[in-house]
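Participant: I'll drop the sequence and a predicted model, then ask my questions.
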Amino acid sequence: MKRRTMSRDARIGIVNRGEPAMRFIRAVKEYNAEHGTELSTVAFFVAEEGEALFTKEADYAVPFSDVPAGESKAATPYLNHEQLLAGLQQASCSAVWPGWGFVSE
């Protein structure tokens, strides 16, 4: 199996919110400072989270309303895999961090 590595300036999509997202954003910033990388974070969010700290602290913030929902009948965009994948592609993410909890499951 060929091992794949991320580029030093990759964009990482965050499909979690609140404190888990903030912990990851801080970890990426610390990693960049320690290793001289330029990884960036992309937070996805619903309208009610537009002013949330994790959307402000991420390098980029993408509202789910800007991403096509597809055919899914998911109760929330966080559980709509089709919309998540479309958003990650739209934001040019080369990696994704689902966090922990319902999204990662």
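Facilitator: Noted; the coordinates are in hand. Numbers count the residues shown, from 1 in each chain.
Participant: the spatially most central residue of the chain pairs with what?
Facilitator: The residue lying closest to the centre of the chain (C-alpha atoms, centre = their mean) is I14, at 1.8 Å. Per DSSP bridges, the residues bridged to I14 are A43, W97.
Participant: packing partners of the top helix by length along the chain?
Facilitator: Secondary structure of the chain read by DSSP state H shows that its longest helix is helix 18-35. When contacts are defined as 3 or more C-beta pairs under 8 Å, 6 or more residues apart in numbering; DSSP states H and E, helix 18-35 sits against strand 11-14, strand 40-45, helix 53-57. The way it works is simple: take the backbone N, C-alpha and C, and place the C-beta from them, glycine included.
Participant: surely the residue nearest to the centre of the chain meets T41?
Facilitator: Yes. Under the criterion of C-beta atoms under 8 Å, I14 makes contact with T41 at 5.8 Å.
Participant: buried residues in the longest helix of the chain?
Facilitator: By 16 or more other C-beta atoms under 10 Å, the buried positions in helix 18-35 come out as P20, A21, M22, F24, I25, V28.
Participant: likewise for stretch 58-65?
Facilitator: A58, Y60, A61, V62, P63, F64.
Participant: narrow those to those in strands?
Facilitator: Counting by DSSP state E, the buried residues of stretch 58-65 place Y60, A61, V62, P63 in strands.
Participant: since that was my last question, I'll sign off now.
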